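Student: let me see the structure of the following:
(2 chains)
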Amino acid sequence: MDIRAQVSMVFHLDKCIGCHTCSVSCKNVWTDRPGAEYMWWNNVETKPGTGFPTLWEDQNHFKGGWKISGKDGKKHLELRSQGKFDALLKLFYNPNQPGLDDYYEPWTYKYNDLFDAAESDDQPTAIPISQITGEPMEIEAGPNWDDDLSGSTLYAENDINLEELTQEEREQLFEIERVSMMYLPRMCNHCANPSCVAACPSGALYKRGEDGIVLVNQEICKGWRACVSACPYKKVYYNWKTGKAEKCILCYPKLESGQIPNCFQSCVGRIRYLGVLLYDADRVASAMTVPNEALVESQRSVFCDPYDPKIVEAARRNGVSDEFIEAAQKSPVYKYVMKWKLALPLHIEYRTMPMLFYVPPLLPVMGKMDNGHYGNVVDGFFTSLEQSRLPIKYLSRLFSAGNTPLIEAVMKKLMAVRYYKRSLDMGDMDIVTVNKLMREADLTPAEAEEIYALTALPTVDERFVLPPIQREEAIAGSCNPELCKGSCGLGISVTPERGP
Amino acid sequence: MIDSVLFIALPYLAIFICIFGSIYRIRKMPMTYSALSSQFLESKSLVWGSVPWHIGIITIVLAHLFALICPGLWQMLMAYKNVLLITEALGLAMGICCLVGLIVLGIRRISSQRIQAVTSRMDLLVLFLLTAQVIFGIGTAVLHRWGAAWATGTAVPYIWSLFTLQPDLSYISDLPHMVKAHIVSAWLLILLVPFSRLIHMFAVPLHYLTRPPQNVLWNNPRHYEAEAAAEEILDTDARREFIKGGVGIAAGTLLLGAGAMDKIFAFFFGPRLTAKEETELMEEKLCRLQATTDQRKLELERQSSKYILVSAMSELSPTEGKYLIDYQMTPAMAFKGEDGLPIVLSAKCTHLGCTVGNTVNKEGKILCPCHVSYFDIKTGEPNADAPAKAPLPILGWALIDKAGKLIASRSSKGEISGDTSSESIKDCDLFIVKTDEVKV
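Tutor: Predicted structure coming up:
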């Protein structure tokens, strides 16, 4: 038993309004440097859609994550992108690495032309120029180019999670006036079984023992780019200027001094929860060798009960501090993931054991047009599961590796909470129906109240439960983000520069 | 003078700067130490450039290093004709791979706007030098064939002479310009390593083959302390280190002691030689020493003697040369000329030093098998289009009869003196002479 602590996050997608504020605040602090213009450590995608980089979920093309190999009983995981030996050949040319055009060519505008243009009959304009070559360019794609474009034949219909939907279901999904979509904020999942770390030929990537944050040591990184291909979420980026890999650092300089990460702090919908999970590192690799449908349960089985004295003892033995253990006991993430089982990992079929979790969206409350009035009638006030606007099959491809009953259970529970609270506040629900729904969702009134309170009314101290990582252990706790942009290694802060 | 600059000063400077510059850059400027891949910006033509170039150059550099480090083994392998053929063909193929790769990479670097955004002047200089170097290499392989064989007698001893701090230009001073250019541009490239992207060649991640897949680092000391406490070993790092050191020293001492004890044990209780065996052993040693001394004496005598015996006049043939070793310990050979007088000339090819064959063809010429140079045995001149440009040196000789009287002689310049009638020289012995002063 090797009990470690992981700083983990939950995204409550019902609350996400797709405003990109998290992405922008992250970009302004970390990636507004030359070479990193195209990187979005945090981005928000519209689903169905093709995402960023385009079609990142197509692992037949990008070969990210792990695959199972070996016979029954002796199954083990292998990187999909490379073996030990062909990894050396792929140093020269990596066939699975996404190129700039899979992301987008970053651009700015020639703003000075607005002031400096010679006098003429026409208005001066600021034409777009590439941030790489400095030459004028046609803008063909951007980081959120499919934003709000559900129903688009170019973007949404090419979402590969729609594969298993029948033609009829697809038509229903994209039917005009019924077209629906959800937002998916994405960042590095700080996986427990990271494929980027396993792929790095130089051994520059590492997972921090104390909090599970996955980092790239910029001094060791030699720019072999194996991590970029190996990460199935395409959340390791290649800095074309410094020739090194970069990724989300979970704002560790802020965490170390007890501050809140940028994306979390700026979240308008307050959809994010951050807390500690305890897990048994010895069981991670074997837990990821089960069949797809069992993966979510298998991952849950690796997480440990922070109140179990044996677990607490083992964690202490591993050097997890008492403050961390206490945080794990109060963790909102533990409640969503383990206690209520509402939060699910994104694409766990890539088998990297992602450690960020999503509460799937319960879809917008559907109103009905009655004689030109938008009315809230009790019947069909909530969409039923069968009529859900985003097919359950689609959500299960995203959050449960194809296991639809799991998504249904989450939906039922979320819905039961709403029925229960409505029946209390408005008194216009049939109490028998509500009780039946509660029983079906395996939900007690006390639990429903708890879920309601943490979902709708939480203060920041309930959403962010993490002790400052002890200052004497802090590596870059005193680092000013303005100074240590891109230098996210082992306690160094050197301005990144390209070699001759 | 220019040769000493290019082949002695430049290599020392290049090696010195390469070693210390690279160490400095890797340790002090790790942020600039990267493969600087540009696949992200352009990948379509990169695959046709980077892959052939890297595979070609790695094979070729490894082969060069192998020949340099184990010249004996290499020479032994190259003695087999088939191995030599395969090596030469493979080398040429890989060289062409390199050239194709470099041309693709060069065109890509110049034609793609995105690549130009990450191109420095140093990149262009390196690309140019590498292309030149590969062209010189291919040129050597094509124009001066069997480099795999002759390099062990020229370039390899030259580089070893540099390493052993006794630079000796004589190994390479006669080499063709193409080969010399290849050597000079190699030194220039080595010089540029710490200042260019070439530094990435030291980053080959071979340890990836053996390392475990996951990499977890703990920053706080608590984890390690907790680990140590759980195993109940020791409570402080210092004591643990002390014990570790102590155990190491104890183990070392134990091993040394065991070795010493073994010797002591063997001395007192081991098998003994009988007096007879001991005597035989010493006799054997004595014989070996004696043989070595004799040989050295003979060599010295030979070097200091005025004449060295070649053979009896009657044994010389006009069509098949008789090999001999001259004063410089290099091969030479003797023929019987048309006028009945002996001809003695060096057998070391003036091109790359192979030993010239001893069979005279119809035109009165002998052949160097390495690169097909024909030499006239009368004058030593090579044929017009031969790779060898200089004639084989003619050696002086003397004819001495059985009574020890000098009958006739010839200086290395060709002046013949004495009685050269066939009657009088018939029973003489042929000698080569140390100086031209020997005259009748």
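Student: quick one, strands of chain B?
Tutor: B:216-217, B:307-312, B:322-325, B:331-336, B:342-346, B:365-368, B:373-376, B:397-400, B:406-410, B:416-418, B:429-433 (DSSP state E).
Student: which residue does the stretch 251-400 of chain B bring closest to chain A?
Tutor: Residue nearest to chain A within the stretch 251-400 of chain B (Cβ to the nearest Cβ): B:Ala251, separated by 30.2 Å. (C-beta placed from N, C-alpha, C; glycine too.)
Student: would JSON lines of the strands of chain B with mean neighbour count and mean pLDDT be doable?
Tutor: Output for these, formatted as JSON lines (neighbours: other Cβ atoms under 10 Å in any protein chain shown; pLDDT from 0 to 100):
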{"stretch": "strand B:216-217", "mean neighbour count": "14", "mean pLDDT": "88"}
{"stretch": "strand B:307-312", "mean neighbour count": "17", "mean pLDDT": "83"}
{"stretch": "strand B:322-325", "mean neighbour count": "16", "mean pLDDT": "85"}
{"stretch": "strand B:331-336", "mean neighbour count": "22", "mean pLDDT": "87"}
{"stretch": "strand B:342-346", "mean neighbour count": "24", "mean pLDDT": "87"}
{"stretch": "strand B:365-368", "mean neighbour count": "21", "mean pLDDT": "87"}
{"stretch": "strand B:373-376", "mean neighbour count": "22", "mean pLDDT": "88"}
{"stretch": "strand B:397-400", "mean neighbour count": "23", "mean pLDDT": "85"}
{"stretch": "strand B:406-410", "mean neighbour count": "22", "mean pLDDT": "82"}
{"stretch": "strand B:416-418", "mean neighbour count": "15", "mean pLDDT": "79"}
{"stretch": "strand B:429-433", "mean neighbour count": "23", "mean pLDDT": "85"}
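Student: quick one: contacts for A:Ala36?
Tutor: A:Trp30, A:Tyr237, A:Asn239, A:Lys241, A:Glu246, A:Gly486 (Cβ atoms under 8 Å, 6 or more residues apart in numbering or on different chains).
Student: and for B:Gly364?
Tutor: Counted by Cβ under 8 Å, 6+ apart, B:Gly364 has contacts B:Asp376, B:Ile377, B:Lys378.
Student: list the contacts of the residue nearest to A:Tyr238 when sequence neighbours are not counted.
Tutor: Leaving aside its chain neighbours, A:Tyr238 sits nearest to B:Phe40 (4.8 Å; criterion: Cβ to Cβ, 6 or more residues apart in numbering or on different chains). Counting by Cβ under 8 Å, 6+ apart, B:Phe40 touches A:Gln97, A:Gly99, A:Leu100, A:Arg225, A:Tyr238, A:Trp240.
Student: what does B:Met94 give?
Tutor: B:Ile55, B:Gly56, B:Ile57, B:Thr59, B:Ile60.
Student: 7 Å instead, please
Tutor: B:Met94 sits next to B:Gly56, B:Thr59, B:Ile60 when contact means Cβ atoms under 7 Å, 6 or more residues apart in numbering or on different chains.
Student: next, format the strands of chain B as TSV and append distance to A:Lys75.
Tutor: Converted to TSV, the strands of chain B look like this (distance: least, Cβ to Cβ, whole Å):
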stretch	distance to A:Lys75
strand B:216-217	23
strand B:307-312	80
strand B:322-325	72
strand B:331-336	69
strand B:342-346	74
strand B:365-368	66
strand B:373-376	68
strand B:397-400	85
strand B:406-410	88
strand B:416-418	93
strand B:429-433	81
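Student: turn those into a markdown table, including distance to chain A.
Tutor: Shown next, in a markdown table, are the strands of chain B (distance: least, Cβ to the nearest Cβ, whole Å):
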| stretch | distance to chain A |
| --- | --- |
| strand B:216-217 | 5 |
| strand B:307-312 | 59 |
| strand B:322-325 | 51 |
| strand B:331-336 | 47 |
| strand B:342-346 | 50 |
| strand B:365-368 | 42 |
| strand B:373-376 | 42 |
| strand B:397-400 | 62 |
| strand B:406-410 | 64 |
| strand B:416-418 | 68 |
| strand B:429-433 | 59 |
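Student: pLDDT at the residue of the stretch 51-200 of chain A found nearest chain B, what is it?
Tutor: Ranked by Cβ to the nearest Cβ, the top residue of the stretch 51-200 of chain A for proximity to chain B is A:Ala198, at 3.7 Å. The score at A:Ala198 is 96. That number is its pLDDT.
Student: now do B:Asn383
Tutor: So, for B:Asn383, pLDDT stands at 85.
Student: flag every residue of the stretch 1-150 of chain A that's near chain B.
Tutor: A:Lys84, A:Ala87, A:Phe92, A:Tyr93, A:Asn94, A:Gln97, A:Gly99, A:Leu100, A:Ile132, A:Thr133, A:Glu135 (Cβ under 7 Å from any Cβ of the partner chain).
Student: let's go with 8 Å and repeat that
Tutor: A:84-85, A:87-88, A:91-95, A:97, A:99-100, A:132-135 (Cβ under 8 Å from any Cβ of the partner chain).
Student: separation between the spatially most central residue of chain B and chain A?
Tutor: The centroid of chain B falls nearest to B:Val156 when counting by Cα atoms, centre = their mean (1.7 Å). From B:Val156 over to chain A the distance is 29 Å, taken as Cβ to the nearest Cβ, to the nearest Å.
Student: shouldn't that residue be in contact with B:Leu68?
Tutor: Yes. Look at B:Val156 against B:Leu68 with Cβ atoms under 8 Å: they come within range, at 5.8 Å.
Student: coming back round to it: list only those of the contacts of B:Met94 flagged as buried.
Tutor: B:Gly56, B:Thr59, B:Ile60 (16 or more other Cβ atoms under 10 Å in any protein chain shown).
Student: export these to JSON lines and tack on distance to chain A and pLDDT?
Tutor: Listed next are the buried ones among the contacts of B:Met94 as JSON lines, based on distance: Cβ to the nearest Cβ, whole Å; pLDDT from 0 to 100:
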{"residue": "B:Gly56", "distance to chain A": "11", "pLDDT": "97"}
{"residue": "B:Thr59", "distance to chain A": "13", "pLDDT": "96"}
{"residue": "B:Ile60", "distance to chain A": "15", "pLDDT": "97"}
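Student: I appreciate the help and will end here.
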